[in-house]
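# Sequence isn't available, so here's the structure alone:
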């Protein structure tokens, strides 16, 4: 496997604590603290899952760490977004099921208010995908439990393929991780990289 250069502090990354996120979700009205939702850890020594997905109505870093401090109406708006329910919660559930305590999602694990943090994250991202134990690739427009292997009319707006395949970042998210697991829009497993591209 090709080695990617390690940029300064690339191993330091903010990761979601899967159990804390899911516990908070069980009773969001009773949760009082954001303590431990995101923690900065060494990616080189921490076992974690990572997510590859199409952006939708995403939840930002600020919203993720400030959710419990929000007024009830604002909090309801955030937790009802597809980017919260179908991206954060579902990927945390999958990570928990697979035995991972930590998960990285670009939309809520990078403080984009900090240009320095954003720049470092962009430089380190390929390495983060490479050292993750598993990459979950969520194909939000695939509605059946079959991996799309040919051009389909229903994907006309993206040249006949699922939108995931036409994203600019997809190539590194497909190549860098050793293990990529694909899921349809409902988080049903539809295959993995090894199955579709055996070495």
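Arrived safely. Bear in mind the structure is a predicted one, so any value in this text is a computation, not a measurement.

# rest of the way, CA atoms for contacts and neighbours
Fine.

# chain center to stretch 110-124, what's the gap?
Per Cα atoms, centre = their mean, to the nearest Å, the displacement of stretch 110-124 from the mean C-alpha position of its chain is 16 Å.

# Give me the buried positions along that stretch.
For stretch 110-124, the neighbour count (16 or more other Cα atoms under 10 Å) marks 110-112, 120-121, 123-124 as buried.

# Return the closest of those residues with respect to residue 11.
residue 124 (7.9 Å; Cα to Cα).

# What's the separation between the closest one and residue 183?
25 Å (Cα to Cα, to the nearest Å).

# go on, residue 20?
23 Å.

# ok, those two, which is more surrounded?
A count of neighbours by other Cα atoms under 10 Å puts residue 183 above the other of residue 20 and residue 183, at 23 against 16.

# these two touch, right, that one and residue 143?
No: with contacts counted by Cα atoms under 8 Å, residue 183 stays clear of residue 143, the gap being 9.8 Å.

# So residue 111 belongs to a helix, correct?
No: going by DSSP: H, G, I helix; E, B strand; the rest coil, the assignment for residue 111 is coil, not a helix.

# count of neighbours near residue 63?
Quick note: residue 63 (other Cα under 10 Å) scores 17 neighbours.

# what pLDDT does it get?
The model reports residue 63 with a pLDDT of 92.

# dump the residue contacts of it.
78, 108 (Cα atoms under 8 Å, 6 or more residues apart in numbering).
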